[in-house]
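**Student:** build me a model from this:
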Amino acid sequence: MIRRVLPGLLVGLVMLLAACSGDDPTPEGDAPLLVRIDSMPKVLATIVLSETPTAVASGGEEQAVAVAIPTDTPAPLLPTPTLTPYVGIFLGESTAESGDAGPAPTIAPYNLNPGFGVSSGDNSPAIPSGSTGSGGCITPVASAFTSAYSQVQDRLGCALSGALSLQLAGQSFERGQMLWRDTHQIYALASSGQFWQVGDSWTEGMPADDPAFAAPEGRVQPVRGFGLVWRSNQAIRDALGWGTGGETPYSATWQDFERGSMLTGVDGRVYAILPAEGQTIGPLG
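**Tutor:** The predicted structure follows:
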């Protein structure tokens, strides 16, 4: 017991003498170690959270502490709308005022071979009627065409006038014939059934033929009005071929119908021409 108390008294005496001394004792050696957690000094620190960074006391000093402020979550991106494709034909921007589009444009018909029964103004049909309205025809068909008319009646319609006796000029070709009438119209009738009606534009003083078109042996190049039409229109030239003889005048019978005409050709046989269709029929029996 004495051994335990004696060391404690000696330590207390030493400390008392040091306190009474005017000079601070200089510690020698290492500082005493704090070996217990409850022996460590304690400092109270208070942390206050706010929407903005605040100074926080820590260990007696103020330190800036940044507090993250939650932000709004961005809305999800919406898909970009896709335009519905449109298939069609673009005709250009409309020039009409809204609510006043006006009538749609009308395209006039085009006739390749304008002739009898077609007006020359607006290309609209102008066919006078030669029937009684009950299926019968008013004007009789010429005797020269009576037997042949039954073959083309549905396409020609009724006769508009009596038959005419005319002086025509004609020329035979490898695959058809060309005719000239006093109306200064030239008619090309091809054996294939093609038909052309062309105005005669040849005048005196113009070349009668063209040396560039050299006819083969036994064939001739058409001249004057026939030649000008033949050289100027490859379709006619290809359809008819070369002339098999020269141009010659002859007497013909001609009669006009609602949708064409009937006539005798340079070969003396009967033909029907349909200008609006660009067709010829014949020779007819």
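**Student:** beta partners of Q171?
**Tutor:** Here Q171 sits in beta bridges with M178, going by DSSP bridges.
**Student:** could I get the contacting residues of it?
**Tutor:** By CB atoms under 8 Å, 6 or more residues apart in numbering, the contact set of Q171 is 177-178, 222, 226, 243, 245-248, 266. No exception for glycine: its C-beta is placed from N, CA and C like everyone else's.
**Student:** so which of those residues belong to helices?
**Tutor:** Among the contacts of Q171, the residues falling in helices (DSSP state H) are F226.
**Student:** which of the contacts of Q171 are buried?
**Tutor:** Among the contacts of Q171, the ones that count as buried by 16 or more other CB atoms under 10 Å are 177-178, 222, 226, 243, 247, 266.
**Student:** for V270, give me phi and psi.
**Tutor:** phi -90, psi 140 (degrees, to the nearest 10).
**Student:** wait, it sits on A148?
**Tutor:** Yes - with contact defined as CB atoms under 8 Å, V270 reaches A148; the gap is 4.6 Å.
**Student:** overlap in contacts, the two.
**Tutor:** 262, 282, 284.
**Student:** C-alpha coordinates for the host helix or strand of Q255, PDB please?
**Tutor:** Q255 is part of strand 248-257, with elements assigned from DSSP states H and E. The C-alpha coordinates for strand 248-257 follow below in PDB (Å, rounded to 0.1, in the frame of the first residue of the first chain):
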ATOM      1  CA  THR A 248     -51.200  13.300-166.200                       C
ATOM      2  CA  PRO A 249     -54.700  15.000-166.400                       C
ATOM      3  CA  TYR A 250     -57.800  12.800-166.300                       C
ATOM      4  CA  SER A 251     -61.600  13.000-165.900                       C
ATOM      5  CA  ALA A 252     -62.900  12.000-162.400                       C
ATOM      6  CA  THR A 253     -66.100  11.700-160.500                       C
ATOM      7  CA  TRP A 254     -66.200  13.200-157.100                       C
ATOM      8  CA  GLN A 255     -68.900  13.300-154.400                       C
ATOM      9  CA  ASP A 256     -68.800  14.800-150.800                       C
ATOM     10  CA  PHE A 257     -70.200  13.000-147.800                       C
END
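**Student:** next one, pLDDT for S50 please.
**Tutor:** pLDDT recorded at S50 is 54.
**Student:** could you do I138 as well?
**Tutor:** On pLDDT, I138 comes in at 92.
**Student:** biggest separation within the buried ones among the contacts of Q171, which pair?
**Tutor:** Using CB to CB, the buried ones among the contacts of Q171 span at most 12.7 Å, a distance reached by P222 and V266.
**Student:** still on that earlier bit, highest neighbour count among the shared contacts of V270 and A148?
**Tutor:** Ranked by neighbour count (other CB atoms under 10 Å), those have M262 at the top, with 26 neighbours.
**Student:** which residues touch that one?
**Tutor:** Neighbouring residues of M262 by CB under 8 Å, 6+ apart: 141-142, 145, 148-149, 152, 156, 254-255, 270-273.
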